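Below: sequence and its predicted model.
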Number of protein chains: 2
Amino acid sequence: MEKSSTLWDRSRQAVVAEIVDTALTLFAEQGYEATTMAQVATRAGVSQRSLFRYFGTKEDLVCGEQDALGELLVATVEAQDPGMSTWDALRAGFTTLLTAGNHTPQRVLEISGLIFTNPSLHSRYLEKRLRWQRSLVPVIEKRMGIESGEIPDARAMGVIATVFACVDTASELWVRHGGKADAFELYEQALAAVRD
Amino acid sequence: MEKSSTLWDRSRQAVVAEIVDTALTLFAEQGYEATTMAQVATRAGVSQRSLFRYFGTKEDLVCGEQDALGELLVATVEAQDPGMSTWDALRAGFTTLLTAGNHTPQRVLEISGLIFTNPSLHSRYLEKRLRWQRSLVPVIEKRMGIESGEIPDARAMGVIATVFACVDTASELWVRHGGKADAFELYEQALAAVRD
DNA sequence: GGACAGGTTGGCAGTGACTGCCAGGTAGGC
DNA sequence: GCCTACCTGGCAGTCACTGCCAACCTGTCC
């Protein structure tokens, strides 16, 4: 059972990767909006119905793997030394994400470019990021010595939202510099301006 | 020409207001997703085609007026005394927004609730907010004594994004407290936690 | 080897948001 | 009254996405 499940998983992973690949190629060729799911399905050699089973939405073709990264982020932040400052713990989390993606820098730039230039993709991405923020709340509350209630604490939420805001700022500027700027440096600049 | 345009504008405003009203009623009755544009059109007494001419998308039925508020925000921030700190200028902008809406608190709560509970609405809202942020960049750069280039400055973008993050935090918590909390106080808490 | 059960795939028909096009109406300037 | 211009409604079409059903493939138990 384990072996077969692993086998299936592997073939599934391969199919998913190939679909993403053809999709990104098509997006690069014709643009995101102009590419239909039918085209992606045909080119990738699966039925449209199966395509929608693999990726619930068209946007997931681009930001589908975000969910896994979110869990990694939360886990990493949670694993940081409790003595470390909240800011440093969150930075450590994002630093881990930087190296966790299994994509080449070119591909990351390509995907990020897609996300930042396409409104519907961008909002989808923001929505996913928001889920990360929510799942970080208890972790950060604990770290800040705040008792977790049913409704999050404004201080914890504010800190989390701010770090994400600066990360987002850095990402966008990194993309607009064509990947030539140092994203980490941009993040530090943004956060320093905020915290004086 | 002026008079007639005003007349048209007025009737147009009335139609728009009535459509929004029926839409919000339907959303409250059946939920946002479960309500179709055809229903809204029929109930409001316009054709589906005209409904889509008034509101380009279903989401605009809820967050359509945001664009006007964005311009007001930028204008207000720009009009603040140059001696005032960046943070205070931005706060002044949002304070103006608080009183600018022509809705009752109940309605604001209803709309905010819709936005925060519905993912597609929420991301649409975030996207609009992002456009506000972009248009604020030159204003804030000037205020911070930074020369505006083609690509925004990380410090200015970071500060703007942070203020929006805290405003968003305060709004969400305000909604989750059923409108019973002081949104302004929540904002101050969030920002204070960020800036130590 | 053959029946069986679980999960996977493909086609098909449908819904709902949204758009382009065309015909008809309606208000304002002459 | 006439013409121009804009607004409106209806119609048909596209596209993302879903439910349903039949075919299928795979490993299992007899």
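On my side now, so go ahead. Residues are numbered from 1 along each chain as shown, chains lettered A, B, ... in the order given.

Near DNA strand C, which residues of chain A are found?
A:8, A:12, A:15, A:46-50, A:53 (CB under 7 Å from any atom of the strand). All C-beta atoms are positioned from the backbone trio N, CA, C, and that covers glycine.

Mind putting those into a markdown table with neighbour count?
Shown next, in a markdown table, are the residues of chain A next to DNA strand C (neighbours: other CB atoms under 10 Å in any protein chain shown):
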| residue | neighbour count |
| --- | --- |
| A:Trp8 | 10 |
| A:Arg12 | 11 |
| A:Val15 | 15 |
| A:Val46 | 18 |
| A:Ser47 | 11 |
| A:Gln48 | 14 |
| A:Arg49 | 8 |
| A:Ser50 | 14 |
| A:Arg53 | 10 |
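
okay, those in JSON lines with secondary structure, pLDDT and distance to DNA strand D next?
Shown next, in JSON lines, are those (DSSP: H, G, I helix; E, B strand; the rest coil; pLDDT from 0 to 100; distance: CB to the nearest atom of the strand, whole Å):
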{"residue": "A:Trp8", "secondary structure": "helix", "pLDDT": "68", "distance to DNA strand D": "8"}
{"residue": "A:Arg12", "secondary structure": "helix", "pLDDT": "82", "distance to DNA strand D": "13"}
{"residue": "A:Val15", "secondary structure": "helix", "pLDDT": "90", "distance to DNA strand D": "14"}
{"residue": "A:Val46", "secondary structure": "coil", "pLDDT": "96", "distance to DNA strand D": "13"}
{"residue": "A:Ser47", "secondary structure": "coil", "pLDDT": "97", "distance to DNA strand D": "9"}
{"residue": "A:Gln48", "secondary structure": "helix", "pLDDT": "97", "distance to DNA strand D": "7"}
{"residue": "A:Arg49", "secondary structure": "helix", "pLDDT": "97", "distance to DNA strand D": "5"}
{"residue": "A:Ser50", "secondary structure": "helix", "pLDDT": "96", "distance to DNA strand D": "10"}
{"residue": "A:Arg53", "secondary structure": "helix", "pLDDT": "96", "distance to DNA strand D": "8"}
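
These: which two are farthest apart?
Greatest spatial distance in the residues of chain A next to DNA strand C: A:Trp8 and A:Gln48, 21.7 Å, computed using CB to CB.

Need the nearest residue in space to the spatially most central residue of chain A, chain neighbours excluded.
The residue lying closest to the centre of chain A (CA atoms, centre = their mean) is A:Gln66, at 3.8 Å. Counting by CB to CB, 6 or more residues apart in numbering or on different chains, A:Gln66 lies nearest to A:Lys128, which is 4.5 Å off, once chain neighbours are set aside.

Report whether the helix or strand encompassing the one you found contacts DNA strand D.
For A:Lys128, the host element (DSSP states H and E) is helix A:119-143. No - interface with DNA strand D: helix A:119-143 contributes nothing (CB under 7 Å from any atom of the strand), its closest point being 8.9 Å away.

packing partners for that helix?
helix A:60-63, helix A:66-79, helix A:86-100, helix A:105-117, helix A:154-176, helix B:119-143 (3 or more CB pairs under 8 Å, 6 or more residues apart in numbering or on different chains; DSSP states H and E).
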